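Student: Below: sequence and its predicted model.
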Amino acid sequence: MQAHSSGMQPHQYCCEWERPGELDGPEVNATLEDMRHALEFIRLLQNATLDDSNLSPETLDQLQNPPEEVLAVDDPDLLLWLQIYIAVSNASEETYNAVRDAVVRRFPQVKALSLYKIKKAVGKLSGVVGHCIGFTGTFARFERCHRCGQARYFARQTFMTMLPGPQIQAIFRSEQGAEDLAWFYTTAKDIIIATPRGSPSLAKYFDLVSGQKLLECHDVVLMLYQNKKSDFVSISPDKRAIIPGPNHPQVLDSFLFPGFYHVSALMREGLPAFNAASRSRILSKLFLALGTADGPGMAMFNGSVGHHGTLGCRIMCGLVGRHKPGCPHYYPALLKPTGPPVPGCDHDDISLSSIPLPSVESYERNLKLLLSARNETQYKQLRKATGLCKPSIMSGLSRTLPVPLCFPIDLMHLTCLNIPDLFVSLWRGTIQGSVLSDPKTWDCAILADPDVWAAHGLHVERARCYLPGFFDRAPRNIAEKLNSGYKAVEFMTWFYNYAPAMLRRTLPEAYWLQLCKLVQGVILLYAEDILPQDLVESKRLLTGAIEDYELLYYARDPDRLHVVRPCIHLIWHGPDHVVVTGALISDTQLPIERLIGDLGSEIKQHSNPYANLSQRAFRRCQVNALKAMLPYLDRAQATANSLPRAAEDLGGGYVLLRAMDSCLRPVSRLEATLFFDYLSASDPLLCTGEDRDSFVWKTRRWARLRLPNGTVARSAWKEQQKPLSKLRLARCVKVRPCRLRHMHYYYLLSHIRYFCRIGKESHPVAVVSVFNTHDNALYERSLRTVELVEYRGDESLRLIDIRAIESVVGMIPDELPVGVDFALDFEHLHVGHKYFVVEKLGFDVRILQTDTGNDPEMDIDE
């Protein structure tokens, strides 16, 4: 196939698709022929070269001889149209033309560029191109699809691969980009130097770089994502390929092959680049760290039989599953069910401590056994015995972690969708699969009653106003919206933040304790920095949670075997994988899922949405490359690095934000005593001769405070000007440990009245009302998942240093206020009422925040 002159080229594919029949995807149905095709793909990757990549001469020359200078756009007219093009990137062609006409009408001397010309300029400056091999890899010689017989040149759709090489070269051409790409190497070096020889573990685990298997990586580290529904493949830091939907591919290797071939060639030959930081030419050999996917996608990616199989564990730990009589679907149950033995899975109980960690040696031994199959019958027998159906295409790459260590757990789908979906179906009694009993009669079906379910949904819905805006989408009424696109972030907040507190009076004690073990074990895995002792604690809690789950929900009943879903087993491997590949929140599919939604919102051509999606992704790659080389084109980053009007930088990442009083205003009598006590200790001259009870003080109040983590804490001064129904409260904060109590540091949970400055040195302080200490008995019994406190109002007013505020938290009412209309409630928090603390899992707002001037948490706009 001839290369397109634009450098962006499509891949043909035919009808090798099928719709998944179930929510969790179809079973893997591989054949001996599929295994042979996989081996051929691997052989081609092992011998990949850039010269055989079917690249145009121009693209090949760009890869092998990149410009050795920092990119500069000297033409002011070209720069103007570049900025306009980027600014209207989500608008129509007519919008660009209208802006162009308006500019030319006002400034006739400006050289106008048509949309076609500016696109050509963007392509040339960014260097980002696509790539095509037609029917890819071993299928390149086929005239017809080996699956359906569809003629090659009557392919139904095309897909595109955006080559990572030119984009990495673009990032290297800016000083900041070059420093960012060196972060992994320099951080790994610092960790190795700081870790004593022979130490059993690191001081802490964070990001991918702290994984034991990745500490030896160098140069640019890539990570691959794959999604079963959207079929969007990405190798970070930028987007790489779009496979058109709406169905998912049966032969995924043929779609991965073009991008993998390019990466393999760069691994073997190296990628020349100009390092703007050192002003030198370098040769970088890429390292593909990890490949992630959801459950069905991973089965096609790593060559396993999938979670339906006898050895169905995603990470290939070797756990032998069990199935019901006459049902071929296996489940990872540890306990042997009662009743007549089922041939092939009548083994005794399995102890979690006896399950080995995944190993390269075990995988290679099983793969060698599978490859010895000489006919279809042998292949099927060995497929069941090994849990493999083909070698993974990752085996063809020379610089990557070995299989299966390169395939981590997907924490997002596992903890935010699979586990909450399982438990809500159990608690509602809607789980399907039992024939001898009605799940609504089980002890765990506490939400089966429609009235109880409706009341719980109302509690969840009304908690929304008490949840700060940086929690993203607050959980909607789960009783009404469960089947209306309930989002992963909603499930996460509902299950891990709300459920332990809201269901503690409803769930039987044993079931509630099992829930608390599971929740706390997962919360520890979501920490940004995970200490070794936290990993040990998480492993202990998850072990107890899984053992209790089988005893309570499954109870050795063969009719309930289906409740032991793969997610219950897989989460147990979480702490071990942190040691191997670093913090799991660094390699979840959450970023790619957000990107898919973001690109989907840009689709303009609804008659052919998937082709349009490819074009939008390709355009995004080009614009991102330009922004990497010309940072001043990135307005979002420029805004993030600037302060809003009238803001005051306090240092250390703390910034006072408007609104503020236009003049000094007197404070209340109670607040004046706080200021008197503070000044008596810090600036006694300001209150010399004054009586504490009659002391009068005036101050200028501030409404908001930006914290070092990027969140914005607000105050009752401004929030109470709006009813509760129009707010997402963000004025409850956690204050750093302020003293020692019983040999343990503790936090103050406080409600902010307002911020101000005081004294000759203008010390930044906050007037807060401190919640009482939490119910310690409940806190310990819930394994630290339910922290219940009481609001005391004026009774507990304090003056604190602003720099002691650590984070914003949600304060959710333990019980719904009786007779309170949120549309008329301007008080929001009520004295004597109890609230439980909610903190967002694994959240670092600095990654997401782009506009510090806006405060979207102030109002509810849904």
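Tutor: All right, it came through fine. The structure presented is a predicted model; accordingly, all values stated were derived computationally and were not measured.

Student: quick one: the strands in the stretch 201-350 of the chain?
Tutor: 221-226, 232-236, 238-242, 248-249, 271-275, 280-284, 287-293, 322-323, 330-331 (DSSP state E, counting those that start in this stretch).

Student: among the ones you listed, where is the model least confident on average?
Tutor: Looking at these, the lowest mean pLDDT belongs to strand 232-236 (a mean of 35).

Student: Where in the chain is the helix or strand with the lowest mean pLDDT?
Tutor: strand 17-18 (a mean of 28; mean pLDDT, DSSP states H and E).

Student: Please work out which residues outside whichever helix or strand comes after that one touch it.
Tutor: Per DSSP states H and E, the first helix or strand lying C-terminal to strand 17-18 is helix 32-46. With contacts defined as CB atoms under 8 Å, 6 or more residues apart in numbering, helix 32-46 is touched by 137-139, 146, 251, 253-254, 257, 260-261, 264, 303, 370-371, 373, 375-376, 379, 389-393, 395-398. The C-beta positions use only the backbone N, C-alpha and C, and glycine is treated the same way.

Student: do stretch 461-478 as well
Tutor: Identification of contacts with stretch 461-478 by CB under 8 Å, 6+ apart yields 424, 456-458, 460, 486-487, 489-491, 493-494, 498, 711, 724-725, 727-730, 808-813, 816, 822, 835, 838, 840, 843, 845, 856-858, 860, 862.

Student: repeat for stretch 78-93
Tutor: The contact list for stretch 78-93, computed with CB under 8 Å, 6+ apart, reads 73, 95-96, 99-100, 103, 110, 112-113, 115, 118-119, 121-122, 125, 602, 604, 619, 623, 626-627, 633, 635.

Student: Now do it, average pLDDT.
Tutor: Rounded mean pLDDT across stretch 78-93 is 90.

Student: and what of stretch 336-349?
Tutor: Stretch 336-349 carries an average pLDDT of 91.

Student: hang on, the earlier thing: got a PyMOL select line for the buried ones in the contacts of stretch 461-478?
Tutor: To isolate the buried ones among the contacts of stretch 461-478 in PyMOL, judged by 16 or more other CB atoms under 10 Å, type:
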select buried, resi 424+456+457+460+486+487+489+490+491+493+494+498+711+724+727+728+729+730+808+809+810+811+812+813+835+838+840+843+845+857+858+860
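
Student: Tally up the residues packed near Val122, please.
Tutor: 19 (other CB atoms under 10 Å).

Student: And the one 5 residues further on, by the same measure?
Tutor: Residues within reach of Gly127, counting by other CB under 10 Å, total 24.

Student: Skipping its backbone neighbours, what lies nearest it in space?
Tutor: Distances taken as CB to CB, 6 or more residues apart in numbering put Pro166 closest to Gly127, at 4.2 Å, once the chain neighbours are dropped.

Student: Surely Ala293 touches Phe301?
Tutor: Yes - the pair Ala293 and Phe301 passes the contact test of CB atoms under 8 Å, sitting 5.1 Å apart.

Student: Show the pLDDT at the closest residue in space to Gln721 that isn't next to it in sequence.
Tutor: Once flanking residues are discounted, Gln721 sits nearest to Phe826: 7.6 Å by CB to CB, 6+ apart. Listed pLDDT for Phe826 reads 89.

Student: Phi and psi next, for Phe826.
Tutor: Here the main-chain torsion angles of Phe826 (degrees, to the nearest 10) amount to phi -100, psi 0.

Student: ok, it - how many residues close by?
Tutor: A total of 12 residues lie near Phe826 under the criterion other CB under 10 Å.

Student: same thing with Glu480?
Tutor: 14.

Student: Next up, identify which helix or strand it is on.
Tutor: Glu480 belongs to helix 478-481 when assigned by DSSP H and E.

Student: any idea which helix or strand comes after that helix?
Tutor: According to DSSP H and E, the helix or strand after helix 478-481 is helix 488-492.

Student: other SSEs contacting that following helix?
Tutor: Counting contacts by 3 or more CB pairs under 8 Å, 6 or more residues apart in numbering; DSSP states H and E, helix 488-492 packs against helix 419-428.

Student: Now do the buried residues in the helix it packs on.
Tutor: Ile419, Pro420, Asp421, Leu422, Phe423, Val424, Ser425, Leu426, Trp427, Arg428.

Student: Let me know the average pLDDT across the following helix or strand past that helix.
Tutor: Sequence order places helix 450-462 as the next helix or strand after helix 419-428, per DSSP H and E. When pLDDT is averaged along helix 450-462, the result is 95.

Student: what angle separates helix 450-462 from helix 419-428?
Tutor: Put simply, helix 450-462 runs at 150 degrees to helix 419-428, going by axes from the mean of the first three to the mean of the last three CA atoms, to 10 degrees.

Student: Let's see the single longest strand found in the chain as CSV, backbone CA atoms only.
Tutor: Ranked by residue count under DSSP state E, the longest strand found in the chain is strand 748-758. Provided in CSV are the C-alpha atoms of strand 748-758 (Å, rounded to 0.1, in the frame of the first residue of the first chain):
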residue,chain,number,x,y,z
LEU,A,748,-7.7,18.3,64.0
LEU,A,749,-10.8,18.3,61.8
SER,A,750,-11.9,21.8,61.5
HIS,A,751,-14.6,24.0,59.9
ILE,A,752,-13.2,27.2,58.4
ARG,A,753,-15.0,30.5,59.2
TYR,A,754,-12.6,32.8,57.3
PHE,A,755,-8.9,33.5,56.6
CYS,A,756,-7.0,36.7,57.5
ARG,A,757,-3.7,38.2,58.4
ILE,A,758,-2.7,39.3,61.9
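
Student: Now find how far off-centre that strand is within its chain.
Tutor: Relative to the mean C-alpha coordinate of its chain, strand 748-758 is positioned 32 Å out (CA atoms, centre = their mean, to the nearest Å).

Student: I'd like to know which elements that strand is packed against.
Tutor: Contacts defined by 3+ CB pairs under 8 Å, 6+ apart place strand 748-758 against helix 669-682, strand 698-699, strand 702-706, helix 716-719, strand 732-735, strand 763-770, strand 797-801.
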